[in-house]
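Q: here you go, sequence then predicted model.
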Amino acid sequence: MTGKVLGIVGRVYLALILFFLYAPILVMAAMSFNASEFYQLPFAYSGEWYERLWSNRAILSAAWRSIWIAFVVTGIATALGTAAAIALFRYDFPGKKVLRALLFPPIAIPWLIIGTAMLIFFFGIGLGRGTPTVIIGHVALALPYVIVIVSARLATFDATLEEAARVLGASPWQVTKRVTVPWILPGIVAGGLLAFAVSFDQFVVSYFLSEPGDATLPVLIYTSIRKGFTPEINAISTLIIAVSMSVMLLAARYSNFGGER
Amino acid sequence: MAEVRVENLTKTYGPLKALDAVTLDFRDGGFFGLLGPSGSGKTTLLRAIAGFVIPDDGRVLIGGEPVERVPVEAREIGMVFQSYALFPNMTVADNVAFGLDVRRIRGAERDRRVKDVLDLVQLGDLGQRKPHQLSGGQKQRVAMARAIVTRPRVLLLDEPLSALDKALRVEMQVELKRIQREVGITTIFVTHDQEEALTLSDEIGILRNGRLVRHGPPREVYNNPRDAFTARFLGEANLFSGSLEAGGLRLPDGALIPGATTAMVAVRPENVQVSASEPSGPIRLRAEIRRRIFAGAMGTLILDRHGEPIKAIARDSEFAELPDNGRVWLSWREGSAIPVENAPN
């Protein structure tokens, strides 16, 4: 009896969580297809806001910036993160435990704090604001995610396989390419997708580190909202959510979070 | 093919001496069994020959050449691991071809060599399987095929049969020996199973606490273990010690073992004769029966002599007339008492 009640309570709870998570998004997505500029009902379908988006040069160029920066960041963070994870797996060196422990706090530190610290630091070393700074900042944010995910996959890897490959005549590089990487590939893909999401969705650090006029998409949306909220923002936001959710679903598929399927 | 020699090989891990000045020759084409309790250094010795362990002192020579500057991948060694270490993402054929692929041996030559070696280990038609679709014995054969397809100079086997059940292990011992004979490769084999070492090896070496205590052909080492540790480790042995006299070895209770020339002798359980009546020969010891163990054709008696356990093994029928408890006589034929040195710890 109590089991049944708890079961119902549990389902209601889950439904509420999903409702509060997704209702705002669904409303926004619906309004991006509504003809009325002032969110008036009844709903009348219109593709106008998406058409306007297509002719809005500021939004298009910010979107393009966000996308190419995310690709560059994904490439760098995935390569560096994978190499770091393999090194942490393969070699013992003094300070290894400390280094491993230092990888986690950046994930927990608020981005606002990291952004402020990065701004001070990049001005301090004379690099200032700009696209290279944004890329370095994004790579620094994404790197721990890649290392953690690839390391988790490596934990299931049998190190004897590397010895077997060595003894069969494979150089350390051939061992990595033919034995280690094929095994951890799902982790590398998942880490890469997360790195993409971290960069593409990044607002705070991008806002602090980009030069005025060189905004990424989230920064542009923020500044536009301050000027006035238009349904165009709904349209571009809906697109961003579609991209981000696809990326995260792919990452979840590869990294097995949510358990073994 | 090549002979292997280790000279004065020493390796320390903190306070632990894994290898302590081991010098040993492995004959070209021979099958050498390294035997010892766990932690005796046998696996460290094997890994030093492979190049995974860098010795603190001493050197390894393969085919007469010192290899300390030769990395693992250039030592031309075949190795079979305890866990087999088959690449899970590759088919059996690709696993076997791995050593050929990294040597850039391609096309018809590659395919022919893979096919030949799979035929040799009798897995001709399983080339397209993945490792997880194989039984333990089949994995063992794939690991063996992968190790020899590159025609290495030396084959190293690290407890290769320990993951198999007993019946399969015996079958694979025969297989291993057949393959090794056909290929004629110098093979060094680590095991903690003494029966396996005696069955397979042309020569065995016994390690204890990082030191080589005894080596030689299995029969010679078994019949003349020389020290108490080897006598007890290789097979089983009842040890008798006392003081040496002109007539033989005087035991603490006054009994005499005539003809003995050392302060300690070992007698194999299968050589101990147990009787209810006093034996006529010169060797006569008293003992109490403690336990009888029936194991099919053979029986084991556990006896007690002044607190020292003594073991006797014979056909169970020979023990039939003995009482379940009580005093009996022990004897053995002269020559069954092997002189041994007391092993220092």
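A: Noted; the coordinates are in hand.
Q: residue B:17: neighbour count?
A: 17 (other C-beta atoms under 10 Å in any protein chain shown). For every residue, glycine as well, the C-beta is placed using N, CA and C.
Q: give me the nearest residue to it, chain neighbours excluded.
A: Leaving aside its sequence neighbours, residue B:17 sits nearest to residue B:210 (C-beta to C-beta, 6 or more residues apart in numbering or on different chains; 4.4 Å).
Q: just the pLDDT for the one you found.
A: Looking at residue B:210, its pLDDT reads 90.
Q: got the contact list for it?
A: B:11, B:17-20, B:22, B:40-41, B:44 (C-beta atoms under 8 Å, 6 or more residues apart in numbering or on different chains).
Q: quick one: low-confidence ranges for the chain?
A: Picking chain A for this. Along chain A, the parts satisfying pLDDT under 70 run over A:1-2, A:38-40, A:229, A:255-261.
Q: to clarify, I was referring to chain B.
A: Within chain B, the segments meeting pLDDT under 70 span B:1, B:343-345.
Q: domains in it, by residue range?
A: Domain assignment for chain B, taken from automatic domain parsing, gives B:4-230, B:235-339.
Q: weed out the non-buried ones from the contacts of residue B:210.
A: Buried residues within these, counting neighbours by 16 or more other C-beta atoms under 10 Å in any protein chain shown: B:11, B:17-20, B:22, B:40-41, B:44.
Q: tabulate the residues you listed (JSON lines), appending secondary structure.
A: JSON lines is the format used below for the buried ones among the contacts of residue B:210 (DSSP: H, G, I helix; E, B strand; the rest coil):
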{"residue": "B:11", "secondary structure": "strand"}
{"residue": "B:17", "secondary structure": "strand"}
{"residue": "B:18", "secondary structure": "strand"}
{"residue": "B:19", "secondary structure": "strand"}
{"residue": "B:20", "secondary structure": "strand"}
{"residue": "B:22", "secondary structure": "strand"}
{"residue": "B:40", "secondary structure": "coil"}
{"residue": "B:41", "secondary structure": "coil"}
{"residue": "B:44", "secondary structure": "helix"}
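Q: hmm, which two among these are most spread apart?
A: Largest separation among the buried ones among the contacts of residue B:210 by C-beta to C-beta: B:11 and B:40, giving 12.7 Å.
Q: rewinding a little: now distance to residue A:10 too, for the domains of chain B, in a markdown table please.
A: Compiled in a markdown table, those are given as follows (distance: least, C-beta to C-beta, whole Å):
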| stretch | distance to residue A:10 |
| --- | --- |
| domain B:4-230 | 37 |
| domain B:235-339 | 59 |
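Q: in whichever helix in chain B runs longest, which residues are buried?
A: In chain B, taking DSSP state H as the definition, the longest helix is helix B:166-183. Under the neighbour-count criterion of 16+ other C-beta under 10 Å, helix B:166-183 has B:168-169, B:172-173, B:175-176, B:179-180, B:183 buried.
Q: in CSV, list these along with distance to chain A.
A: As requested, the buried residues of helix B:166-183 are exported to CSV (distance: C-beta to the nearest C-beta, whole Å):
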residue, distance to chain A
B:168, 21
B:169, 21
B:172, 19
B:173, 22
B:175, 20
B:176, 18
B:179, 18
B:180, 18
B:183, 16
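Q: need the residues of chain A near chain B, please.
A: A:158, A:160-161, A:163-171, A:174, A:178-179, A:182-183 (C-beta under 8 Å from any C-beta of the partner chain).
Q: now restrict the residues you listed to buried residues only.
A: Neighbour counting with 16+ other C-beta under 10 Å marks A:158, A:161, A:163-170, A:174, A:178-179, A:183 as buried within the residues of chain A next to chain B.
Q: mind checking which of the residues you listed are in helices?
A: Judged by DSSP H, the subset of those located in helices is A:161, A:163-167, A:174, A:183.
Q: and which of those is nearest residue A:191?
A: Of those, the one sitting nearest to residue A:191 (C-beta to C-beta) turns out to be residue A:183, at 14.2 Å.
Q: can you show me the helices along chain B?
A: B:42-50, B:92-102, B:107-120, B:136-148, B:166-183, B:194-200, B:218-223, B:228-233.
Q: just the helices in the stretch 151-261 of chain A please.
A: A:160-167, A:172-175, A:181-200, A:204-209, A:217-227, A:231-255 (DSSP state H, counting those that start in this stretch).
Q: helices or strands up against the longest one?
A: What it means is helix A:231-255. With contacts defined as 3 or more C-beta pairs under 8 Å, 6 or more residues apart in numbering or on different chains; DSSP states H and E, the packing partners of helix A:231-255 are helix A:2-31, helix A:48-55, helix A:57-90, helix A:131-154, helix A:181-200, helix A:217-227.
Q: what of the shortest one?
A: Secondary-structure packing of helix A:172-175 (3+ C-beta pairs under 8 Å, 6+ apart): helix A:160-167.
Q: the buried ones among the contacts of residue B:210 into TSV, with extra columns for distance to residue A:194?
A: Below are the buried ones among the contacts of residue B:210 laid out as TSV (distance: C-beta to C-beta, whole Å):
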residue	distance to residue A:194
B:11	43
B:17	48
B:18	43
B:19	46
B:20	51
B:22	51
B:40	48
B:41	46
B:44	42
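Q: those residues of the stretch 51-200 of chain B touching chain A, which are they?
A: So the stretch 51-200 of chain B meets chain A at B:52, B:72-79, B:81, B:83, B:85-89, B:98-99, B:101-103, B:146-147, B:150 (C-beta under 8 Å from any C-beta).
Q: hang on, the earlier thing: now the helices and strands packed on helix A:231-255 as JSON lines including distance to residue B:238?
A: As requested, the helices and strands packed on helix A:231-255 are exported to JSON lines (distance: least, C-beta to C-beta, whole Å):
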{"stretch": "helix A:2-31", "distance to residue B:238": "66"}
{"stretch": "helix A:48-55", "distance to residue B:238": "94"}
{"stretch": "helix A:57-90", "distance to residue B:238": "50"}
{"stretch": "helix A:131-154", "distance to residue B:238": "52"}
{"stretch": "helix A:181-200", "distance to residue B:238": "52"}
{"stretch": "helix A:217-227", "distance to residue B:238": "83"}
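Q: partners of residue B:156 in the sheet?
A: As for beta bridges, residue B:156 partners with residue B:79, residue B:188 under DSSP bridges.
Q: mind listing what residue B:258 touches?
A: Counting by C-beta under 8 Å, 6+ apart, residue B:258 touches B:247-248, B:282-283, B:334.
Q: how much space between residue A:243 and residue B:253?
A: Counting by C-beta to C-beta, to the nearest Å, the separation of residue A:243 from residue B:253 is 91 Å.
Q: which of the two has more residues huddled nearby?
A: Legend: neighbour count by other C-beta under 10 Å for residue A:243 and residue B:253, higher for residue A:243 (18 against 10).
Q: pretty sure the more buried one contacts residue A:201?
A: No. Applying C-beta atoms under 8 Å as the test, residue A:243 and residue A:201 come out as separate, 9.3 Å apart.
Q: tell me how many other residues crowd residue A:140.
A: Neighbours of residue A:140 (other C-beta under 10 Å): 15.
Q: my guess is it meets residue A:106, correct?
A: Yes. Using C-beta under 8 Å, residue A:140 is in contact with residue A:106, at 7.4 Å.
Q: for residue B:51, phi and psi?
A: With angles defined as degrees, to the nearest 10, residue B:51 sits at phi 110, psi 0.
Q: doesn't residue B:75 make contact with it?
A: Yes. Taking C-beta under 8 Å as the definition, residue B:51 is a contact partner of residue B:75 at 5.4 Å.
Q: residue B:126: what's it in contact with?
A: Neighbours of residue B:126 in contact, by C-beta under 8 Å, 6+ apart: B:92, B:118, B:134, B:138.
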